[in-house]
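Chemist: Okay, predicted coordinates and the sequence, questions at the end:
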Amino acid sequence: MNIEGNQFMLLANTIVNMAKKKEPVFYLGKVISISPFIVDIGQLQLDRNDLLINKELLKGNLRKIKIGEQECEVENLENVFKVNDNVALITNDKQLFALLCIMG
């Protein structure tokens, strides 16, 4: 199977390599603020700049805003997350975290 074109195989490969190094791969966090958006994972508080949010969570939760003559879409996180939501995250460098899903 060709790993290069298969995102699931790349993810699995990353997890295996990180497990060999005994580095945490998955984190459980808690949303502690919506605006600004902040997730606490115990030793770190992650803001929107630290996170890639699963696009499936944001489906249908974009709003249009107008800046001058230009119209653009922005994330409407208030419709997706609530304070105290538990979330699952993954990282491979502890710099940028992918927020995968809301737990329970």
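Modeler: Noted; the coordinates are in hand.

Chemist: hey, let's count contacts and neighbours off CA atoms from now on
Modeler: Will do.

Chemist: name the element the nearest residue in space to Ala98 that is not next to it in sequence belongs to?
Modeler: Once flanking residues are discounted, Ala98 sits nearest to Leu52: 4.6 Å by C-alpha to C-alpha, 6 or more residues apart in numbering. For Leu52, the host element (DSSP states H and E) is strand 51-53.

Chemist: picking that back up, count of neighbours near the residue nearest to Ala98?
Modeler: Residues contacting Leu52 under the criterion other C-alpha atoms under 10 Å number 14.

Chemist: how about it, what does it touch?
Modeler: For Leu52, the contacting residues are Leu96, Phe97, Ala98, Leu99, by C-alpha atoms under 8 Å, 6 or more residues apart in numbering.

Chemist: And for Gln70?
Modeler: Gln70 is in contact with no residue at all, counting by C-alpha under 8 Å, 6+ apart.

Chemist: Can you give me the pLDDT of it?
Modeler: Looking at Gln70, its pLDDT reads 90.

Chemist: That one bridge partners, please.
Modeler: Ile67 (DSSP bridges).

Chemist: swap in Val87?
Modeler: Residues in a beta bridge with Val87, per DSSP bridges, are Gly29, Ile102.

Chemist: go on, the one 10 residues further on?
Modeler: Per DSSP bridges, the residues bridged to Phe97 are Leu51, Thr91.

Chemist: That one touches Arg48, doesn't it?
Modeler: No. Judged on C-alpha atoms under 8 Å, Phe97 makes no contact with Arg48 at a distance of 9.9 Å.

Chemist: When those two are compared, which one has more neighbours?
Modeler: Neighbour comparison, Phe97 and Arg48: the larger count goes to Phe97, with 21 against 15 (by other C-alpha under 10 Å).

Chemist: and the gap between the more buried one and Lys20?
Modeler: Using C-alpha to C-alpha, to the nearest Å, Phe97 is found at 20 Å from Lys20.
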